[in-house]
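In: Next come a sequence and a model predicted from it.
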Amino acid sequence: MEAIVVIFITGLLAMFIGIMNKPNLVIITSLLGLALTLVVQNCPVHFLPEKYQLLSFGGYANSFASLAVIFTSAIIFGGYNYLKQEKSHTGDYAALLLFSLSGAFCLIGAEDFFMFFLGVEILSIPLYVLAGSKKKSELSSEAAIKYFFTGALATCLLLFGIALIYGGTNTFNFHAIKDLINAPGTNMSYVFVGMLFVMSALLFKVGAFPFHFWVADVYNGSPTVFMTYMASVVKLVGVFAFLKLFQTAFGEIHFFWSGILAVVIFVSMFIGNLSALNQRKFKRLMAFSSITNGAYALVALLNRDIASEVNLWVFMLGYGSSVIAMLTLSLTLNQEEDVETTSFKGIGYKYPFVGVVSIIALLSISGIPPLTGFFGKTMLFASAFNDYLLLVIFALINSAIGVYFYLKFIMLIMSKEPAEGVEVHITLNQYIVLGFCALAITFGWCMIFFI
Amino acid sequence: MELLITTLALGLISFIVPQKNIRLFGLIASLIPAGISIAYLMAYEAGSTVQLFDPGKVYQFGLTLEMSYDAIGLIMIVLTSLSIPIILLSNYNMESSRSKLFNALVFLMQFGMLGVFVASDGILFYVFWEFTLIPIFLILYWFGKRNNKVLLKFFLYTLVGSLAMLLSLIALGSKSLSFGYADLLNVQLTTNMAYWIMGGFLLAFAIKIPLAPFHTWQAETYANSSMAGTMLLSALMLKMALFGILKWMIPLAPEGLENFKWLVIVLGVGSVVYGGIICIKQNDIKKIFAYASVSHLGLITAGLFLFNENVLKGAMIQIINHSIVSIGLFLVAEILISRMNTHNIKEMGGVAKLAPKFGFWFTLILLVSISVPFTAGFIGEFILIKELSELHLYSGLLSATTLVFGAVYMLRTFQISMHSAPKTTHFEDLKWNELAVFIILMIFSIIFGLFPSIITNFMDASVTQLLNTFNELPIVK
């Protein structure tokens, strides 16, 4: 609970320090604040009670929250070179990211639809602003408007769904809803319809079929740093909240939503992968790959075991680190925001460090052992194997399709003839972030031995 | 365990060795794992299963991380560890041997393959199996002809097969407590389920070996890769698949073997004939040897599925023999290609007169590859063909064509490239390292040809044990 306070205060501080036009001070403050958050979150001693009626970080929520903090720190640290470009705005950017993260905490800890809705909104609203933060770029404005309007629609759906569920059960609390489902006096038709609305809103946030249309444009238009945040932290938090909500509140009506979700996953995987096949814009490629990987992550919901949270955690660790590594790499190119995949040609051979990191990251996303991505994916698929055999088979087929374009990309990066005019300038902070990501991808899976 | 750690460490050390010493370092360092593996060989007690690593608990997701080997695994370990120095030696004068990256990748590759041979945990096996794909891919990509399309095809083919195997392993794991080998053995399957599981394994192994309808990646990949890449692929990597059949596929899903073996025997015998026929009309020397490999390995695979004492021993001898032959043949191919600047045997000729030493050693390797008596190939093929004939007359007859076809295409290759009208006036004879490789290979081949009992006696107890466990497995009819 203190963690949310710490993040929020850090955000405020960052904003006010931003007035001084000293970007490095802003970044240092934010990173220190995030480090403090991590400590406070995992410290066994708490000043404020740990459990509230609306909010609790029990179970695996803590691990997910910590992962979100680590990802955010990596993004802010690695994106420093971009964030400082407009000195007067560095504070705003950092503050908005931190506010969004505090929303993520609300969402992760939510035990109640009240907090859940607040979390979703606090998570999203700063992102609408950040998506359009490059005011002179048309793509960025397009992204912001698209994100805002579709996001507003999702909010409506979510609210309407919550209202219907409240109508059916007379409560907002997840655990109470769980007990009230199938109890006499509960209007189940309200619950069913409301659940569908809530599900739609969450699918929108996660970027899964049939609410995936915004993903490619918004990701492509937003500045790379904020896109990284959307693809890693928002996805992580979104899927976890989805999992928590549906396993606690709607666990009893598993039969009703699991079929729908399986279809959603099935279609999302194919849409993401097939659209990415011949994609030449780097950020769009990552966007489509994030649709597919979001779908893989949703497989965790199909398994009613507690282990699915572990599986999801390992998977998101691998995926998030890979995304952060790849997008940070694209920031080090001397290209405009609109990076083509061909800009990467040969840089891996010219700069071995870049080569190693990108090979590790891409192999991990495509699920080649012994990297974290492989273990996450395999654990997710294995957990769904007994009930959803066909889905698992198609997921594996999709893995193979994915390997096709990731491998083509690797071959492009490792080519011996470098693209003309492309230079890579990696600063110390980016070295640290890239190295950290590479380590997390290579050894992150060892966490399963300590659980 | 020392073996795995050493190879991994060597792989990493290769990056920091100074450029001018790397070639010698690679060659000498590769003798360390070879020495360790021979020490394993000396310390091995017949019939025992040596536990390399056993944490003794089941981790999240059913991982056990067990590693162990028996005589069969040990033979594969020694084969791998001894082949690597020979491959590095034959590669000694190539440009790639001066690259840090190349040496590092070879050691990483060795690490992966040794892992495959010792893994006693389904997921661990798969991890090592897939891991080998990364270094070989990079070797092919950086030190070959850089034909992206061919490489992509190679990677995707093998990956799709592996994913099918992963599915089979997950299916087995979902029915058992953990992915440990012992637990997986005790899984009871319905016959129908066993077919699917065997099918998944078969897809992975048939692509890797490769058997006839799944072989399309192979010839092009060989033709486009450097010599070392081809040797690693053909002499060692394919053996992982044969070993996988022996240790994983058949024991884990024995319920399906009775009917499933016909499918594989048809594919295997088909490969024998198909590979042989293609070879006769082929002119690209690397492709000839690639298809010859299809033909020879088809025979081994078909034999393995009979799964009795004789074929296991015969197949093992043949596996060793094939490694010897393929290292020798691809060295021959590289010598011809690099000095004649062509892949086409029709454009070679008259080499025997210009390079008599080369001609002599080529003849010897050729004789080993067409399995004349007193070479290891003879014993292996003889046992396999005998057992296949006992199964069915036609399978025996068709598999025996390998002897005829082998003689035809190998002698044709030899005759056209070495004895036809001279196409060149200058042909450098064997360098010292090439000569050394040929001598080492021939010594091994003749030793195993004269005394195959060295191998068969060594693995006798383990084979009996494997067959005993197999026969005691719970089988639901």
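Out: Looks like it arrived, so ask away.
In: residue boundaries of the strands in chain B?
Out: Per DSSP state E, chain B has strands spanning B:50-53, B:67-69. These are given in chain order.
In: which stretch in these is the model least sure about?
Out: Taking the mean pLDDT of each of those, the lowest value is held by strand B:50-53, a mean of 84.
In: Let me see the residues that make contact with that strand.
Out: B:1, B:4, B:40, B:44, B:65-70, B:74, B:118 (Cβ atoms under 8 Å, 6 or more residues apart in numbering or on different chains). Where C-beta positions appear, they are placed from N, C-alpha and C, glycine not excepted.
In: partners of it, with directions?
Out: When pairing is defined by DSSP bridges, strand B:50-53 lines up against strand B:67-69 (antiparallel).
In: And for stretch A:112-121, what's in contact with it?
Out: Applying Cβ under 8 Å, 6+ apart, the set of residues contacting stretch A:112-121 from outside is A:53-55, A:103-110, A:155, A:158-159, A:162, A:165-166, A:172-174, A:201, A:205, A:241, A:245.
In: a markdown table please, covering the contacts of strand B:50-53 and showing distance to residue B:170.
Out: Written out in a markdown table, the entries for the contacts of strand B:50-53 read as follows (distance: Cβ to Cβ, whole Å):
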| residue | distance to residue B:170 |
| --- | --- |
| B:1 | 27 |
| B:4 | 25 |
| B:40 | 32 |
| B:44 | 33 |
| B:65 | 17 |
| B:66 | 18 |
| B:67 | 21 |
| B:68 | 22 |
| B:69 | 24 |
| B:70 | 25 |
| B:74 | 29 |
| B:118 | 22 |
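In: so which residue of the stretch 1-150 of chain A comes closest to chain B?
Out: residue A:60 (12.6 Å; Cβ to the nearest Cβ).
In: Run a quick neighbour tally on the closest residue to that residue other than its chain neighbours.
Out: Here the nearest residue to residue A:60 in space, its sequence neighbours aside, is residue A:309; by Cβ to Cβ, 6 or more residues apart in numbering or on different chains that works out to 4.2 Å. Using other Cβ atoms under 10 Å in any protein chain shown, residue A:309 is surrounded by 20 other residues.
In: So which elements touch the helix or strand residue A:309 falls within?
Out: Element membership for residue A:309 (DSSP states H and E) is helix A:307-332. Contacts defined by 3 or more Cβ pairs under 8 Å, 6 or more residues apart in numbering or on different chains; DSSP states H and E place helix A:307-332 against helix A:61-78, helix A:224-229, helix A:235-248, helix A:282-302, helix A:352-366, helix A:372-384, helix A:428-443.
In: between it and helix A:428-443, how many degrees?
Out: Using axes from the mean of the first three to the mean of the last three Cα atoms, to 10 degrees, the interaxial angle of helix A:307-332 with respect to helix A:428-443 works out to 150 degrees.
In: packing partners for the helix or strand just after helix A:307-332?
Out: Counting by DSSP H and E, the element after helix A:307-332 in chain order, helix or strand, is helix A:347-350. For helix A:347-350, the elements it packs on are helix A:352-366, helix A:389-413, judged by 3+ Cβ pairs under 8 Å, 6+ apart.
In: Just want the angle from the last one to helix A:372-384.
Out: When you say that, I think you mean helix A:389-413. Put simply, helix A:389-413 runs at 170 degrees to helix A:372-384, going by the same axes, to 10 degrees.
In: which of the residues in helix A:389-413 are buried?
Out: Taking 16 or more other Cβ atoms under 10 Å in any protein chain shown as the neighbour-count basis, helix A:389-413 is seen to contain the buried residues A:391-392, A:394-407, A:409-413.
In: chain center to the helix holding residue A:309: distance?
Out: 8 Å (Cα atoms, centre = their mean, to the nearest Å).
In: That helix - what's its average pLDDT?
Out: Mean pLDDT, taken over the full extent of helix A:307-332, equals 90.
In: what is the orientation angle of that helix with helix A:352-366?
Out: What separates the directions of helix A:307-332 and helix A:352-366 is an angle of 150 degrees, with the same axes, to 10 degrees.
In: Helix A:307-332 relative to helix A:61-78, how many degrees between them?
Out: Going by the same axes, to 10 degrees, helix A:307-332 makes 0 degrees with helix A:61-78.
In: check contacts around the residue nearest to residue A:60.
Out: Each residue near residue A:309 by Cβ under 8 Å, 6+ apart is listed here: A:59-60, A:64, A:240, A:243, A:300.
In: 10 Å instead, please
Out: By Cβ atoms under 10 Å, 6 or more residues apart in numbering or on different chains, residue A:309 lies in contact with A:59-61, A:63-64, A:240, A:243-244, A:247, A:300, A:303.
In: cool, residue B:129 as well?
Out: Neighbour list for residue B:129: A:369, B:112-113, B:115-116, B:119, B:158, B:162, B:165-166, B:204, B:208, B:237, B:240-241, B:244, B:248 [criterion: Cβ under 10 Å, 6+ apart].
In: Next, the distance between the ends of stretch A:78-85.
Out: Distance between the two ends of stretch A:78-85: 13 Å, counting by Cα to Cα, to the nearest Å.
In: mind listing what residue 374 touches?
Out: If you meant another chain, say so; for now it's chain A. Taking Cβ under 10 Å, 6+ apart, we find residue A:374 in contact with A:314-315, A:318, A:363-368, A:399, A:445, B:123, B:126-127, B:130-131, B:166.
In: My question was about chain B, not that one.
Out: Under the criterion of Cβ under 10 Å, 6+ apart, the contact partners of residue B:374 comprise B:367-368, B:445-446, B:449-450.
In: any idea how far the residue nearest to residue B:323 when sequence neighbours are not counted lies from residue B:228?
Out: Of all residues beyond its chain neighbours, the one nearest residue B:323 is residue B:235 (4.3 Å), with distances taken as Cβ to Cβ, 6+ apart. Using Cβ to Cβ, to the nearest Å, one obtains 10 Å as the distance from residue B:235 to residue B:228.
In: Need the overlap of contacts for the two.
Out: Residues touching both residue B:235 and residue B:228 (Cβ under 10 Å, 6+ apart) are B:87, B:330.
In: For burial, what's the neighbour tally of residue B:176?
Out: Neighbourhood size, residue B:176 [other Cβ under 10 Å]: 17.
In: whoops, I mixed them up, residue B:431
Out: Neighbours of residue B:431 under the rule other Cβ under 10 Å: 13.
In: same check, this time on residue B:55
Out: The number of residues packed around residue B:55, counting by other Cβ under 10 Å, is 11.
In: and it, backbone torsions?
Out: Phi and psi for residue B:55, reported as degrees, to the nearest 10, are phi -70, psi -10.
In: Hmm, it is touching residue B:120, no?
Out: No - Residue B:55 sits out of contact with residue B:120 when judged by Cβ atoms under 10 Å, with a separation of 11.9 Å.
In: what touches both of those two?
Out: Taking Cβ under 10 Å, 6+ apart as the contact rule, the neighbours common to residue B:55 and residue B:120 are B:64-66.
In: ok, which pair from the contacts of residue B:374 is furthest apart?
Out: Greatest spatial distance in the contacts of residue B:374: B:367 and B:450, 14.2 Å, computed using Cβ to Cβ.
In: More neighbours: these two, which one.
Out: Each of residue B:367 and residue B:450 had its neighbours counted (other Cβ under 10 Å), and the higher figure belongs to residue B:367 (19 against 14).
In: Could you identify the pair within the contacts of strand B:50-53 that is furthest apart?
Out: Largest separation among the contacts of strand B:50-53 by Cβ to Cβ: B:44 and B:65, giving 22.2 Å.
In: coming back round to it: so which of the contacts of residue B:374 belong to helices?
Out: If you go by DSSP state H, the contacts of residue B:374 have B:367-368, B:445-446, B:449-450 in helices.
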